[in-house]
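Student: Quick one, structure for this:
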Amino acid sequence: MKHPAAFLFLGIIFSQFVAAQNSTVETRIQYIEDLKIKITADPQSESKEALNSAYKSLEASEYMENSLDGQLELVIGDYDTQKAVWPLTVSMQTLGHKDAVKIEYDLPYSDVIEKKYVLPEQMTERQLRDYEFNVEYYDALFRKDSSVLYAELYFTVTHWLSASEYRIKPVECRIYKNEKRAKEILTLNSAQMQSRTFVMSPQIDVRSAEEYQADIARVHTALESEKLAQPQPQKESETEYTEEKEQKGRLSFYVTTGMEPADLDFSDFDIKENPLDSIDGYLTWGMGKNFFTGLNIGYDINSLYKSSIYSVGVLFGGNLNIGSHFRPYADTKVSVRTDNAVILKAGGGFDIIMGNFMLNIDYGYNWKLNDFESIFGSGDSDVQITNFHAFSIGAGFTW
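Tutor: Purely as a prediction, here's the structure:
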């Protein structure tokens, strides 16, 4: 053996590398930094190959820390009555860096108590007593003994862009109830947690210019891949119609004017023979997601130079919101006029919505009963029923 010292040196390096592979993340990072010191002292040494292997080993593994016996810390704050949650913070200290990992999350009341949460104003007296007791009990318990719950964090480590810079990426965080048989009550995935970097001191850079450029490309690719993997919020124009977001009963205030054509043959329609007959104001409000009711006050334009005729009515209908701008509806209306007539209407129309402003187009088939008193009183006159069509157009506001 011509070079026993060289073989002895390689054996020491190999044994250190094997030991590092089976050790904690802290030991692996410290081993890498020690190798860089050796390379700085002797650039021709075999430590450069060991360094590359150590990087691969560091990044190929997934690590786990536990808040009961590791360097992971779980802190639980006081209960937030507005959100019905306990705020929790999971943090990890490594190699002198206090917040190498920091995860903040709201732990729901229902996850801790393992019962469905009900709003306090909807609770029975007994439920309210139990709720208040549970909040006080767990607040006191968390202050006294944080190990009532414990956390497990699974993460990966990557050497990053700057010299001696490392990035910790949380993969999964599990929160358990620390009982005789541990029970998992919450799991956070990587999309719910942020990666963090830290820099070792002293910073030691043994990369060539080509290796540094390769690291820039590698980091850029990693960040772009993570960005694409995260769910992107949809643009408003791409958002599909959902009943919970868009569908609601018709809430509006608008004014219309209309005419009552003799028939529906518009081939020889003459505006002079079909003047405007009425002006109406409407106030409607929603009833659930698909229905509405409302009030109507009207004025008969034909009575302008005679004894004025007014009307008061109530209406009920159903509507469907299609997208953000179109709302068809069907409705029925009963109105009483000051000339002793009652008008029943069945019809429908649609609203064209632009923000809070709306245009309305409506059609109704109507039955006019000419004597209000004989219908509901004891009069002897015969009731005459007249049928007619009515079209109207109007504008107003909707919410």
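
Student: Distance from the chain centre to stretch 72-92, please.
Tutor: Averaging C-alpha positions (Cα atoms, centre = their mean, to the nearest Å) puts stretch 72-92 21 Å from its chain's average.

Student: per-residue confidence averaged over it?
Tutor: For stretch 72-92, the mean pLDDT works out to 92.

Student: and what of stretch 60-67?
Tutor: 91.

Student: export the host helix or strand of residue 105 as CSV, just CAs?
Tutor: Using DSSP states H and E, residue 105 sits in strand 97-108. Coordinates of each C-alpha in strand 97-108 appear next as CSV, following Å, rounded to 0.1, in the frame of the first residue of the first chain:
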residue,chain,number,x,y,z
HIS,A,97,-32.0,29.7,14.6
LYS,A,98,-35.1,30.2,16.7
ASP,A,99,-37.8,30.3,14.0
ALA,A,100,-36.4,28.1,11.3
VAL,A,101,-40.0,26.9,11.1
LYS,A,102,-43.0,29.0,12.2
ILE,A,103,-46.6,27.9,11.6
GLU,A,104,-49.6,29.9,12.8
TYR,A,105,-53.1,28.4,12.6
ASP,A,106,-56.5,28.7,14.2
LEU,A,107,-57.6,25.5,15.9
PRO,A,108,-61.4,25.3,15.8
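
Student: how much space between residue 371 and residue 335?
Tutor: To residue 335, residue 371 is 15 Å away according to Cβ to Cβ, to the nearest Å. Any C-beta I mention is one placed from the backbone N, CA and C, and that applies to glycine too.

Student: got it, and residue 132?
Tutor: Relative to residue 335, and taking Cβ to Cβ, residue 132 is found at 53 Å.

Student: that older thread, which residues belonging to the strand holding residue 105 are considered buried?
Tutor: 97, 100-101, 103, 105, 107 (16 or more other Cβ atoms under 10 Å).

Student: returning to what we had before: so for residue 371 and residue 335, which sits in the more crowded spot?
Tutor: Each of residue 371 and residue 335 has its neighbours counted (other Cβ atoms under 10 Å); residue 335 has more, 21 against 17.

Student: Give the helix, strand or coil label for that one.
Tutor: strand (DSSP: H, G, I helix; E, B strand; the rest coil).

Student: Could you pull up the residues touching it?
Tutor: Counting by Cβ atoms under 8 Å, 6 or more residues apart in numbering, residue 335 touches 296, 298, 311-314, 342-343, 345.

Student: who's in contact with the strand holding residue 105?
Tutor: 72, 76, 80, 83-94, 117, 153, 155, 168, 170, 173, 175, 185-186, 188, 192-194, 196, 198.

Student: what residues does the helix or strand following that strand touch?
Tutor: Heading C-terminal from strand 97-108, the first helix or strand you meet, by DSSP H and E, is helix 109-113. Helix 109-113 is contacted by residues 79, 84-86, 116-117, 134-135, 138, 149, 185-186 when judged by Cβ under 8 Å, 6+ apart.

Student: Which positions in helix 109-113 come out as buried?
Tutor: Those would be 109, 111-113, for helix 109-113 by 16+ other Cβ under 10 Å.

Student: Could you do stretch 143-159 as well?
Tutor: 146, 149-153, 155-159.

Student: CA atoms of it as CSV?
Tutor: Extracted in CSV, the C-alpha atoms of stretch 143-159 (Å, rounded to 0.1, in the frame of the first residue of the first chain):
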residue,chain,number,x,y,z
ARG,A,143,-51.9,27.7,30.1
LYS,A,144,-50.9,25.1,32.7
ASP,A,145,-49.7,22.3,30.5
SER,A,146,-49.1,22.8,26.8
SER,A,147,-48.5,19.1,26.3
VAL,A,148,-52.3,18.5,26.5
LEU,A,149,-51.9,18.8,22.7
TYR,A,150,-48.7,18.0,20.8
ALA,A,151,-47.5,18.5,17.3
GLU,A,152,-45.6,16.4,14.7
LEU,A,153,-43.9,18.2,11.9
TYR,A,154,-42.7,16.5,8.7
PHE,A,155,-40.3,18.5,6.6
THR,A,156,-37.6,18.5,4.0
VAL,A,157,-34.3,20.5,3.8
THR,A,158,-32.6,21.9,0.7
HIS,A,159,-29.4,23.8,0.4
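
Student: can I see the domain layout of this structure?
Tutor: The chain breaks down into these domains under automatic domain parsing: 11-60, 62-228, 245-398.

Student: Now the weakest link among these, please, by mean pLDDT.
Tutor: The stretch with the lowest mean pLDDT among those is domain 11-60, at a mean of 77.

Student: ranges for the strands of the stretch 201-350 of the chain?
Tutor: 252-259, 278-287, 291-300, 310-319, 326-337, 342-354 (DSSP state E, counting those that start in this stretch).

Student: and if you look at the stretch 51-200 of the chain?
Tutor: Going by DSSP E, counting those that start in this stretch, the stretch 51-200 of the chain shows strands at 63-66, 72-76, 85-94, 97-108, 149-159, 165-177, 183-189, 196-199.
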